[in-house]
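using only what follows, build the 3D model:
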Amino acid sequence: MDGRVTNDPSDGELGGEPVLVVSLGREGTSVELTVNGDLDLHGSGQLRAGIEAALALGAVEAVEVDLRGVSFIDSSGLQAVLNSRDAVHAADLEFRIVGVSPTVARVADIAGLTDELQLHDP
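Prediction:
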């Protein structure tokens, strides 16, 4: 299954372009969410929707989140990542972050979350 979740820029504040795009891909029992754009208050709902879509697929053992395409992240975005991890763990599935942008790495480090989220790009 492949899918895409975007924010609704129809309010005009976002210039008509999605702030965050979350794409889903599945390989075997793993689902990967590829996140591109700004992971902030406006975009955090798209990450949540992507996680919910991944959990609804069934026969999933792991959810992997690729944050290499995140160009901006704030505390709301970090909270969305933490909530995503908690939701996946609550479903007894493995949660892995498989890539981080320099922006995500820096903000997570400032917040003291690098080790907790295991944000180590292979």
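
output the below-cut-off pLDDT ranges for this protein.
Counting by pLDDT under 70, the chain shows low-confidence ranges at 1-17, 120-122.

what segments of it are strands?
In chain order, the chain shows strands spanning 3-6, 20-27, 30-39, 62-73, 94-100, with DSSP state E as the criterion.

contacts for stretch 70-84 next, please.
Residues outside stretch 70-84 that contact it (Cβ atoms under 8 Å, 6 or more residues apart in numbering): 35-41, 43-44, 47-48, 51, 63, 65, 67, 95, 97, 100-101, 103-104, 107-108, 111, 113, 117. (Each C-beta comes from the backbone N, C-alpha and C, glycine too.)

and the buried ones among those residues, selectable in ChimeraX?
This is the ChimeraX syntax for the buried subset of those, where burial follows 16 or more other Cβ atoms under 10 Å:
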select :35,36,37,38,39,40,43,44,47,48,51,63,65,67,95,97,100,101,103,104,107,108,113,117
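
against E94, how distant is A59?
Counting by Cβ to Cβ, to the nearest Å, the gap between A59 and E94 amounts to 14 Å.

neighbour count for these two, which is higher?
More neighbours surround E94 than the other of A59 and E94, with 13 against 7 (other Cβ atoms under 10 Å).

distance of G28 from V63?
With distances defined as Cβ to Cβ, the gap from G28 to V63 amounts to 13 Å.

now do L119
For L119, the distance to V63 (Cβ to Cβ) stands at 16 Å.

quick one on the thing from earlier: so which of the strands of the chain gets nearest D86?
Counting by Cβ to Cβ, D86 lies closest to strand 94-100 out of the strands of the chain; the figure is 8.6 Å.

so what are the sheet partners of the closest one and their directions?
In its sheet, strand 94-100 lies beside strand 62-73 (parallel), with partners assigned from DSSP bridges.

right, I'll call it a day here.
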